[in-house]
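Asks: Provided below for reference: sequence and predicted model.
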Amino acid sequence: MALPLRVAADDDDAAQIDAQEAIQDALLVARVLDGDAEAYGSLVSKHMRRAFAVAYRILEHREDAEDVVQDAFVRALERIDQLDRRPFRPWFLRVVVNQALNFRRGRGVRATQQIPESTAGRDMLPDRATENADLRARLTAALDALPEKQRTIVQLSDLEGLRSAEIGRIMDLADGTVRWHLHEARKTLRAALALTREDA
Amino acid sequence: MNEHDDSAWRALLRANSTPPPIDDVDWTAFHARIMAGTASLVRRRTTTWWLLLGSRATRAARGAAVAAAFAVVILSTIVMPERPAVYGGATEFRTIEEELAGTLPYASVPLLAGGADRAEVLDALLFYDGEER
């Protein structure tokens, strides 16, 4: 029983941190609305890494992700009046996700960047490394085969560690709908991996 | 699906996906690039703010002038005194018949009228030439 309690406490802490960050962001946004460029610089500093990570998960290409994030910051500033009283981070990440998905659709199929050796298992035995590379390829193929919405939810939740409530705000979906999509996506991915394993 | 399954699944996914190359990005340069792209927008926002304020002030002044003129018209119709009385402090015109009928002593009516109706009484008062008909 210790784990669920700890998870609940973690969730509370995360929610509290999110609320504090949202207040700090709201103060910065108010200054931006007054024409304070330095305040926008602070918002950029605070959110550029997460934005880059999210864009990279969708695009799997460093330069493309950088371009998308840069465009997203411009677009967000153009529309910052529309933010109203909503928290900045999910609103901005929605801009990033939409930009990244549009970019991906426009780009079509393109080879993603090479996996760095450090993540592929440099010190592994050749057989083990081959097996891992095979698993990675199958997982990537299964992820690519998911519907766009489910794939994005998996990327934001399982890879970027965002909570379903925030993903809901980013993707304009109810919290329960996000969890349902996540459940379906995991089921599909597991089934795809099991099938390919059986085929092998 | 429980928490253990979720975390194991996440770990499997993370281990088999390419992590964002956070350490490869020159964040200072990237920040500067973003700010270079947005600086003009922040400036424009400031300028727009003042311009907007200016244009609103002009519009507000025009609106205030129209509202003031309208208020003067409305107030003048409310506060303006009635037309001056023509005579005796009366505030409206009355016909001679009405005036006479009003001044006729109530008690004398049956005496004078003697069964005549109101019009005949008025005729009698108006055309009385000193002789009974």
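Replies: On my side now, so go ahead.

Asks: per-domain residue ranges of the chain.
Replies: In the absence of a named chain, this looks at chain A. As given by automatic domain parsing, the domain ranges for chain A are A:12-108, A:126-200.

Asks: Correction: the question concerned chain B.
Replies: Taken from automatic domain parsing, chain B resolves into B:23-79, B:81-133.

Asks: Out of the ones you listed, which gets the lowest mean score?
Replies: Between the domains of chain B, the one with the least mean pLDDT is domain B:81-133; it has a mean of 64.

Asks: what stretches of chain A score poorly on pLDDT?
Replies: Within chain A, the ranges that satisfy pLDDT under 70 run A:1-14, A:108-128, A:195-200.

Asks: Find the closest residue to chain B in chain A.
Replies: Of all residues in chain A, the one sitting closest to chain B is A:Gly35 (3.1 Å; CB to the nearest CB). To be clear about C-beta, it is placed using only N, CA and C from the backbone, and glycine gets the same treatment.

Asks: B:Ile34: what's it in contact with?
Replies: A:Val44, A:Met48, A:Val69, A:Gln70, A:Phe73, A:Val74 (CB atoms under 8 Å, 6 or more residues apart in numbering or on different chains).

Asks: what do you get if the cut-off is 10 Å, keeping everything else the same?
Replies: Shown here is B:Ile34, whose contacts under the criterion CB atoms under 10 Å, 6 or more residues apart in numbering or on different chains are A:40-41, A:44-45, A:48, A:51, A:66, A:69-74, A:77.

Asks: Filter those residues down to the buried ones.
Replies: Among those, those classed as buried by 16 or more other CB atoms under 10 Å in any protein chain shown are A:40-41, A:44, A:48, A:51, A:66, A:69-74, A:77.

Asks: So which of those residues reach chain B?
Replies: With the criterion set as CB under 10 Å from any CB of the partner chain, the members of the buried ones among the contacts of B:Ile34 near chain B are A:40-41, A:44, A:48, A:51, A:66, A:69-74, A:77.

Asks: Isn't A:His181 up against A:Gln155?
Replies: No - at 11.9 Å, A:His181 and A:Gln155 do not qualify as touching, with contact defined as CB atoms under 10 Å.

Asks: Which residues are in contact with each of these two?
Replies: For the pair A:His181 and A:Gln155, residues contacting each of them under the criterion CB under 10 Å, 6+ apart are A:Leu146, A:Ile167.

Asks: my guess is A:Leu139 contacts A:Arg186, does it?
Replies: No - the pair A:Leu139 / A:Arg186 is not scored as a contact, 11.9 Å apart, by CB under 10 Å.

Asks: Which neighbours do these two have in common?
Replies: Among the neighbours of A:Leu139, those also in contact with A:Arg186 (CB under 10 Å, 6+ apart) are B:Leu13.

Asks: how about the ones next to chain B among the buried ones among the contacts of B:Ile34 in JSON lines, adding secondary structure?
Replies: As requested, these are arranged in JSON lines below (DSSP: H, G, I helix; E, B strand; the rest coil):
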{"residue": "A:Tyr40", "secondary structure": "helix"}
{"residue": "A:Gly41", "secondary structure": "helix"}
{"residue": "A:Val44", "secondary structure": "helix"}
{"residue": "A:Met48", "secondary structure": "helix"}
{"residue": "A:Ala51", "secondary structure": "helix"}
{"residue": "A:Glu66", "secondary structure": "helix"}
{"residue": "A:Val69", "secondary structure": "helix"}
{"residue": "A:Gln70", "secondary structure": "helix"}
{"residue": "A:Asp71", "secondary structure": "helix"}
{"residue": "A:Ala72", "secondary structure": "helix"}
{"residue": "A:Phe73", "secondary structure": "helix"}
{"residue": "A:Val74", "secondary structure": "helix"}
{"residue": "A:Leu77", "secondary structure": "helix"}
